[in-house]
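K.L.:
here is my input, please return the structure:
(one chain, ligands or ions: 1)
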Amino acid sequence: MPDALQKIADYDRLIKIFGVTPISKELLSRLPSVHKLFEIGYFFAHRDFDKVVEEWRRGSEFAILTGRGPSNVMHLGHLLIFDFVAWMQRTFNVPAFLPLSDDEKYVFLKIRSLREGRYYAYDNALDIAALGLDERKTFFFISSKTREIYEIAVELSTEVTLSEVKAVFGFSDSDNPGKYFYSVVQSAHILFPTIRKGYRSLVPIAIDQDPYIRLSRDIAERAKLPKPAALHSKYLPGLTGEPMSASKPETAIFLSDTPKVIKSKIWKALTGGQPTLKEQKEKGGNPDKCVVFKWLEAFVLSPKEAEEWKGKCRRGEIMCGECKRKLYGEVVKKLKMHHKKKLEVAKKADKFFLHDVDWGEVDKVVEKTEEILKEFTSS
Ligand code: SF4
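P.N.:
Numbers count the residues shown, from 1 in each chain. Below is the predicted model of the structure:
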């Protein structure tokens, strides 16, 4: 496993460093049902999720809050988290708030204008909505278009000091002031459902993002609000074994990738296989070091099937080509269906947003999605 991933994959160490609580079997037994990502340990730690569950069992609703920085098309790793959000919404029958932080992407120089962020905001939102979110309980909002967020951010800004922001985000004096102010905008996103609607927020988040949650929890405490809870996830390794990244397209499968591109990426993916078929049959492979297996486990197989698959790999009963073919087939099937659903939800995009929708941007997204879908139907 490459060093960068090894470092973030030492999850026991991260639990200690961040002081978060591991998710116990006892906690999972109190849920109405258990999602596969809990079963395979992908969500592995939390802050106050136990309290949220307890309050929910006593009849108080909470809100799921998870954002997206719209600077690019999403990849399959993102879908995994938002699929989970849709499941949480269905299972607990709770609202989902989804800030699209074009302001963040602009001040961090990831997009050249807020206008550029708009296109990706609608593109990403429709991808997320296509996962089956309930339009009556789903509230997307583009951060720079939402006046209430600005108002809340101004109010919350007096609850935090510049040194705290510097310590959490690692900013220096050469960083632009937009980055500093965005730190309270982010807390405004997280606390928006609490301040305006009275719901405690539950934020599914990658473990290394925990310091941002901690800052919002400190701010909430000072503002005498219920502290947001969090569910922490691990990282799904990218196809090359490195973290998935838009700057390294070979690490991830993007929702704009054609079947041809997907095939070539999966064929080059890192496996735990032996150098030759003969050795693979004799010695077996190592699924624990195999990215293809981790992707099959996350996207395709049930936990029981994944265990059986592991056994077959170790005994040399399956070859890497077979796994790659399966992953490719399932990913293409999934994405073809996904693009069709995206086109359906695009027709009612306005139902999912807290503010007016820019139909011109939605039309551009539809045009692009139709182009991509053509590639899937002709392959
Ligand atoms: Fe991975 Fe499959 Fe190869 Fe085993 S046989 S190492 S699971 S790709």
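K.L.:
summarise which helices and strands the longest helix anywhere in the chain is packed against.
P.N.:
Secondary structure of the chain per DSSP state H: the longest helix is helix 320-346. For helix 320-346, the packing partners by 3 or more C-beta pairs under 8 Å, 6 or more residues apart in numbering; DSSP states H and E come out as helix 114-129, helix 259-267, helix 291-299, helix 359-378. Yep, even glycine has a C-beta here, placed from its N, CA and C like the rest.
K.L.:
got the domain ranges for this protein?
P.N.:
Domain assignment for the chain, taken from automatic domain parsing, gives 3-233, 249-378.
K.L.:
tell me the mean pLDDT for the longest one?
P.N.:
Yep, that's domain 3-233 we're talking about. On average, the pLDDT along domain 3-233 is 94.
K.L.:
now do the shortest one
P.N.:
Along domain 249-378, the predicted local confidence has a mean pLDDT of 96.
K.L.:
what about it, start to end distance?
P.N.:
From its first residue to its last, domain 249-378 covers 23 Å (C-alpha to C-alpha, to the nearest Å).
K.L.:
before we move on, the earlier item: who wins for proximity to the ligand among the domains of the chain?
P.N.:
The ligand sits nearest to domain 249-378 of all the domains of the chain, at 3.0 Å, using C-beta to the nearest ligand atom.
K.L.:
show me what contacts Phe108?
P.N.:
Residues near Phe108 by C-beta atoms under 8 Å, 6 or more residues apart in numbering: 179, 182.
K.L.:
angles on the backbone of it, please.
P.N.:
Per-residue torsions, Phe108: phi -90, psi 10 (degrees, to the nearest 10).
K.L.:
also Thr21?
P.N.:
Backbone torsions of Thr21, given as degrees, to the nearest 10, read phi -100, psi 130.
K.L.:
now do the contacts for it.
P.N.:
Thr21 makes contacts with 15, 45-47, 50, as judged by C-beta under 8 Å, 6+ apart.
K.L.:
if you set the cut-off to 7 Å instead, what comes out?
P.N.:
Shown in contact with Thr21 (C-beta atoms under 7 Å, 6 or more residues apart in numbering): 45-47.
K.L.:
how about Asp10?
P.N.:
Contacts of Asp10 by C-beta under 7 Å, 6+ apart: none found.
K.L.:
quick check: angle from the helix or strand hosting Glu308 to helix 320-346?
P.N.:
Using DSSP states H and E, the element containing Glu308 is helix 303-314. Helix 303-314 and helix 320-346 are oriented at 150 degrees to each other (axes from the mean of the first three to the mean of the last three C-alpha atoms, to 10 degrees).
K.L.:
quick check: buried residues in helix 303-314?
P.N.:
Going by neighbour count (16 or more other C-beta atoms under 10 Å), the buried part of helix 303-314 is 306, 309-310, 313-314.
K.L.:
which ones among the residues you listed come in contact with the ligand?
P.N.:
Applying C-beta under 6 Å from any ligand atom, the subset of those adjacent to the ligand comprises Cys313.
K.L.:
on that earlier part again, now the helices and strands packed on helix 320-346 in a markdown table, with distance to the ligand?
P.N.:
Formatted as a markdown table, those follow (distance: least, C-beta to the nearest ligand atom, whole Å):
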| stretch | distance to the ligand |
| --- | --- |
| helix 114-129 | 28 |
| helix 259-267 | 10 |
| helix 291-299 | 4 |
| helix 359-378 | 24 |
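K.L.:
done for today, thanks.
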